[in-house]
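Chemist: Starting from these lines, generate the structure:
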Amino acid sequence: MRGGDWDASALNHAVFRRHADLTRFLLENGANWNEQHGFGGDVRGTLGWGSVNEPEANGDWLGCAEALVAHGMPSGRPDPNGTRNVVFEDRTMVFSDEVTDFLFSAAA
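Modeler: Numbering: from 1, shown residues only. Next up, the predicted model:
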């Protein structure tokens, strides 16, 4: 089911609101991290934008990232140019320091 003003899946909404338990539940029940939302991105963009801009108080960005990687989202790799960006096969993205550190450690 998709909804909201950005035509997003329940998984995107869960990640946007920092609900790690709901993120995990949705993934365990068939949600897919790479389903696109209305802005043309996937849940990596939701996690990146949300973890940097923190639109929701409380919650768990790290727990969302852990659940996503545990369910198939690639963890990316460090930017060879030395930035804190995370490089994926299809794009380079920015996450909070906490999420970036986790993604880099998961890739190692």
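Chemist: Low-confidence bits of this protein, can you list those?
Modeler: 1-7 (pLDDT under 70).
Chemist: The same query, at a cut-off of 50, please.
Modeler: 1-3 (pLDDT under 50).
Chemist: From Glu35, how far off is Val52?
Modeler: Applying C-beta to C-beta, to the nearest Å, the value for Val52 to Glu35 is 21 Å. In this view, the C-beta of every residue, glycine as well, is placed from N, C-alpha and C.
Chemist: er, Phe88 I mean
Modeler: 16 Å.
Chemist: And the helices in the chain?
Modeler: Using DSSP state H, the helices found in the chain span residues 10-16, 20-28, 43-53, 61-70, 97-107.
Chemist: Let's have these in JSON lines, adding mean neighbour count and distance to Gly76.
Modeler: Below are these laid out as JSON lines (neighbours: other C-beta atoms under 10 Å; distance: least, C-beta to C-beta, whole Å):
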{"stretch": "helix 10-16", "mean neighbour count": "24", "distance to Gly76": "16"}
{"stretch": "helix 20-28", "mean neighbour count": "19", "distance to Gly76": "18"}
{"stretch": "helix 43-53", "mean neighbour count": "21", "distance to Gly76": "8"}
{"stretch": "helix 61-70", "mean neighbour count": "21", "distance to Gly76": "10"}
{"stretch": "helix 97-107", "mean neighbour count": "16", "distance to Gly76": "5"}
